[in-house]
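> curious how this folds, go ahead:
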Amino acid sequence: MNKQITSQPDYSEWAHGPELITKQWTREPSQRFNPHQRPYQWHKHLRGQLLCIESGLIHVRTEKGTWVLPPHRAGWIPPDAMHSVHFCSALRGWSLLLTPDVCEALPASPCVIGISDVLRALTQRSKRWDKAEPLTVEYRRMLSVIVDEIRLTPHESLHLPMPQDSRLQKVTQALLDDPGNQKTVEEWAVLGSVSSRTLRRLMRAETGLSFAKWQQQAKLNCALEMLARGVSVGDVSDKLGYSTPSNFIAMFRKAFGDSPKQYLMSR
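Numbering: from 1, shown residues only. Predicted coordinates:
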């Protein structure tokens with residue numbers, strides 16, 4: 001992960017201590033995200049991690065794909081799940097670090113969830129818990145509710161699965177580098193040295209999405225990054241190849257249920 005700002009202990013590797021440790025943190029911005037930059041700073045934690053963003057935006061890459069994490073959403077990373085994190089802007093947030101036995105009740109794969117008022121309130125309380133002492137009976141009851149909130153909250157569609165096939169990787173890299181490109185599937189197939197039928201089949205087999213759905217998800221991730229950096233809706237619309245801002249807003253609302261402004265402000 002990017003360089004730590006403080007010299008706090010790495011609680012994510014604590015096998016001992018309470019089942020839940022809560023960390024509040026801030027980070028400075030780094031360079032603009034590039035989905036294909038190298039090297040990725042791959043790592044994993046002994047504890048499961050729920051990473052919540054209060055302001056800013058991060059990109060997370062896992063072995064199953066990438067996702068973008070905007071404000072007021074949380075990313076779940078199970079114990080021992082390889083991942084890398086890139087911070088796109090000045091950032092403020094918190095993490096819940098859970099022991100592996102507690103994580104058995106939580107999703108086995110990385111995902112993004114919304115943050116309920118209950119989870120937010122309990123997190124505020126847990127920040128005051130002693131990080132070196134066992135949880136009290138009262139705290140254990142709160143932990144049980146926290147686990148239920150994480151487990152039962154619906155997943156958000158921010159995950160962008162990445163292919164392994166080298167031909168398809170060439171196409172997806174080009175799409176990520178230029179998300180507003182208006183090439184047809186047939187033209188993208190030429191870039192991958194395959195037929196359009198094979199390209200569609202590979203995309204479905206490797207990512208579980210149709211070619212059009214994958215392309216739209218890539219645009220949504222790019223849109224969230226630009227919006228979080230303060231780029232106007234009009235400029236985002238142009239960058240992504242939409243004919244008018246209203247067309248972009250309609251696509252965004254269909255995917256997330258809110259306009260871009262409402263989505264980034266929603267709690």
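
> so what are the domain limits for the chain?
The record's domain parsing of the chain by automatic domain parsing lists 11-152, 163-265.

> name the residues of stretch 131-138 that are buried.
Residues of stretch 131-138 classed as buried by neighbour count (16 or more other Cβ atoms under 10 Å): 131, 135. Bear in mind the C-beta positions are built from the backbone N, C-alpha and C, glycine included.

> try stretch 52-59
Applying 16+ other Cβ under 10 Å to stretch 52-59 flags 52, 53, 56, 57, 58, 59 as buried.

> and stretch 122-132, by the same measure?
Those would be 122, 123, 126, 129, 131, for stretch 122-132 by 16+ other Cβ under 10 Å.

> cool, and stretch 76-83?
76, 77, 78, 79, 81, 83.

> want to throw the domains of the chain into JSON lines with mean pLDDT?
Output for these, formatted as JSON lines (pLDDT from 0 to 100):
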{"stretch": "domain 11-152", "mean pLDDT": "87"}
{"stretch": "domain 163-265", "mean pLDDT": "93"}
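
> one step back: in strands, which of the buried residues of stretch 122-132 fall?
Of the buried residues of stretch 122-132, none are assigned to strands by DSSP state E.

> name the nearest of these relative to residue 93.
Set against residue 93, the nearest of the buried residues of stretch 122-132 by Cβ to Cβ is residue 123 (10.5 Å).

> what residues are up against the closest one?
22, 52, 94, 96, 146 (Cβ atoms under 8 Å, 6 or more residues apart in numbering).

> list just the nearest of the residues you listed to residue 230.
Nearest to residue 230 among these, with distances taken as Cβ to Cβ, is residue 52, at 21.0 Å.

> return the distance of the strand or helix carrying that closest one from the chain's centre.
Counting by DSSP states H and E, the element that carries residue 52 is strand 48-55. Counting by Cα atoms, centre = their mean, to the nearest Å, strand 48-55 is centred 10 Å from the centre of its parent chain.

> same thing with stretch 156-170?
A distance of 14 Å separates the C-alpha centroid of stretch 156-170 from that of its chain, computed with Cα atoms, centre = their mean.

> which residues touch stretch 245-252?
Against stretch 245-252 from outside (Cβ under 8 Å, 6+ apart): 216, 219-220, 223, 233-234, 236-237, 240, 242, 258-260, 263.

> recalculate using a threshold of 6 Å.
233, 234, 237, 242, 259, 260 (Cβ atoms under 6 Å, 6 or more residues apart in numbering).

> quick one: neighbours of residue 164, just the number.
9 (other Cβ atoms under 10 Å).

> name the nearest residue to it, sequence neighbours excluded.
residue 206 (6.2 Å; Cβ to Cβ, 6 or more residues apart in numbering).

> buried residues, the helix or strand harbouring the one you found. List them.
Under the criterion of DSSP H and E, residue 206 resides in helix 196-207. Neighbour-count burial for helix 196-207 flags 196, 199, 200, 202, 203, 206, 207 (criterion: 16+ other Cβ under 10 Å).
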